[in-house]
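K.L.:
attaching a predicted model along with its sequence, questions to come.
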Amino acid sequence: MTRHWTPLALFYLVLALAGLVGTWVFNVMAITQMTDFIGDLIRSGPAVSSITVDLLVVAIAGSVFIIVEARRLGMRRGWFYVVISGVTAFAFALPLFLAMRQRHLTRLTTAAPPRA
């Protein structure tokens, strides 16, 4: 199980789990209270709107990074992380991708033959 799980990869994995749990606690609250999720993001004042735009831009840039980096490194199904961010949270998907990216890089490094 610990094969290719570096401390950095585990750190990213912990962040992914924190992002998943942290966002879904509030998502479940919004669902059970039948809250207008999009309306709350827009109408809750300038500070909330600023944070919303900030995170939206980061999520778009991060999504492009995930797809481009996955292709560059030869990781399969990089698009999957972008898709799951819409179902879970980008706060989960990006650190999960970074954890899997770190494992992939570690695997490439340990699989490379030693140089003479």
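P.N.:
Noted; the coordinates are in hand. Predicted model only: the values in this text are computed from it and were never measured.
K.L.:
contacts and neighbour counts: CA atoms only from here.
P.N.:
Noted.
K.L.:
hey, which helix or strand in this structure has the poorest pLDDT?
P.N.:
Sorting the helices and strands of the chain by mean pLDDT, DSSP states H and E puts helix 37-43 at the bottom, at a mean of 77.
K.L.:
what residues sit buried inside that one?
P.N.:
L41 (16 or more other CA atoms under 10 Å).
K.L.:
for that helix, enumerate the helices and strands it packs against.
P.N.:
When contacts are defined as 3 or more CA pairs under 8 Å, 6 or more residues apart in numbering; DSSP states H and E, helix 37-43 packs onto helix 46-73.
K.L.:
contact partners of the very next helix or strand once past the helix it packs on?
P.N.:
Scanning forward in sequence from helix 46-73 by DSSP states H and E, the next helix or strand is helix 79-87. For helix 79-87, contacts defined as CA atoms under 8 Å, 6 or more residues apart in numbering pick out 63, 66-67, 90-94, 96-97.
K.L.:
convert the least confident helix or strand of the chain to CSV, retaining C-alpha atoms only.
P.N.:
Extracted in CSV, the C-alpha atoms of helix 37-43 (Å, rounded to 0.1, in the frame of the first residue of the first chain):
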residue,chain,number,x,y,z
PHE,A,37,-27.1,27.3,-3.6
ILE,A,38,-26.3,29.5,-6.6
GLY,A,39,-28.5,32.3,-5.4
ASP,A,40,-26.7,32.4,-2.1
LEU,A,41,-23.3,32.6,-3.8
ILE,A,42,-24.5,35.6,-5.8
ARG,A,43,-26.8,37.5,-3.4
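K.L.:
so where is the chain shaky, pLDDT-wise?
P.N.:
1-2, 112-116 (pLDDT under 70).
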